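A.B. asks: Give the three-dimensional model of this entry:
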Amino acid sequence: MGSSSATHHKHRSYFWPLMAKRPIFVPLLDGKRLVLERYVEFHWHAGFAKSQKQKSIRALHETALREYGVQHPLEISSKSEDPLGVALSSFNLTFVTKRGRALTVEAAFQGSKVFERGGPFVDIFQKSPIDAKRDERLRTSGLLTKFSFFGNDWELDPKTAFYDWLYINALIKNPQLIELLTDRDGFTDIEFNPERSINCQARSAALFCALFHTDKLNFALQSRENFLSLYRGRVSDPHMPAQERFLI
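C.D. replies: Numbering: from 1, shown residues only. Sure, this is the predicted structure:
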């Protein structure tokens with residue numbers, strides 16, 4: 001009897017839909033705030049296969065349309081079904097520095113980290129994005145203390161400022177992507193979980209669009225001080241799931 005009940009329970013729970021919450025980042029054009037974070041609860045399709053991730057992305061976007069009116073969302077990750085979203089992934093988005101070095105955003109970000117016992121490890125710049133992210137020194141060098149990119153230091157607060165700046169500077173060097181990106185009204189990254197991560201390429205893309213549409217992009221990129229001024233008095237760190245959050 002017990003075995004039959006357990007079996008029945010197992011089969012019953014198998015058909016229960018798994019639900020998940022992920023943010024969608026919406027660029028704001030009112031000139032007061034720049035990015036709105038809305039948490040969307042949707043049907044999660046479990047599994048590591050790319051097809052499963054894409055089913056979850058479709059469910060996320062369908063719910064965002066139904067509940068929040070986001071009509072033209074874009075998934076930015078290697079799992080995106082849209083080639084634009086794949087191209088905008090930090091693993092694929094590249095830029096050339098003033099010194100003529102071609103870097104991916106991911107490698108540039110990881111190689112700029114400075115820890116208590118080492119860094120920045122600039123040799124990471126030349127690694128593939130996945131190897132850059134997995135470099136053992138990033139986990140064995142103590143606490144993260146700051147970022148240093150070609151001699152320019154960035155503090156850890158505001159928490160997303162350096163990653164946002166890096167991503168937006170890379171994007172501005174890819175005008176063919178900008179034209180397509182700025183038509184979108186919401187951005188997601190199915191792999192981003194704010195309980196485990198801070199920086200998010202979807203948030204950075206939304207910030208770019210907000211600056212672009214409110215004619216603040218040139219001002220923001222004129223200097224690091226100008227860029228950091230966007231965050232003063234505003235929330236820039238990730239939050240636990242809530243219906244909506246203004247970020248910056």
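A.B. asks: Need the nearest residue in space to the residue most central in space within the chain, chain neighbours excluded.
C.D. replies: In the chain, the centroid-proximal residue (C-alpha atoms, centre = their mean) is Cys200; its distance is 1.8 Å. Nearest residue to Cys200 in three dimensions, chain neighbours excluded: Phe192, at 4.6 Å (C-beta to C-beta, 6 or more residues apart in numbering). Where C-beta positions appear, they are placed from N, C-alpha and C, glycine not excepted.
A.B. asks: what's the answer for Ala20, then?
C.D. replies: Trp44 (3.8 Å).
A.B. asks: Likewise for Thr94?
C.D. replies: Of all residues not flanking Thr94 in the chain, Thr104 sits nearest, at 5.2 Å (C-beta to C-beta, 6+ apart).
A.B. asks: and the residue nearest to the centre of the chain, how far is that from Phe25?
C.D. replies: Remark: distance between Cys200 and Phe25 (C-beta to C-beta, to the nearest Å) = 7 Å.
A.B. asks: same question, Arg203
C.D. replies: Computed as C-beta to C-beta, the Arg203 to Phe25 distance reads 5 Å.
A.B. asks: try Pro158
C.D. replies: From Pro158 over to Phe25 the distance is 16 Å, taken as C-beta to C-beta.
A.B. asks: now swap in Ser89 and tell me
C.D. replies: 15 Å.
A.B. asks: Comparing the two, which residue is more hemmed in?
C.D. replies: Applying other C-beta atoms under 10 Å to Ser89 and Phe25 shows that Phe25 carries more neighbours, namely 28 against 21.
A.B. asks: Tell me the secondary structure at that one.
C.D. replies: Classification of Phe25 using DSSP: H, G, I helix; E, B strand; the rest coil returns strand.
A.B. asks: Quick check: which ranges of this structure have low pLDDT?
C.D. replies: Residues of the chain meeting the criterion pLDDT under 70: 1-16, 233-248.
A.B. asks: Strands of that one, residue ranges please.
C.D. replies: Assigned by DSSP state E, the chain shows strands spanning 18-27, 35-44, 73-75, 94-96, 102-104, 113-115, 144-149, 152-154, 186-188, 244-246.
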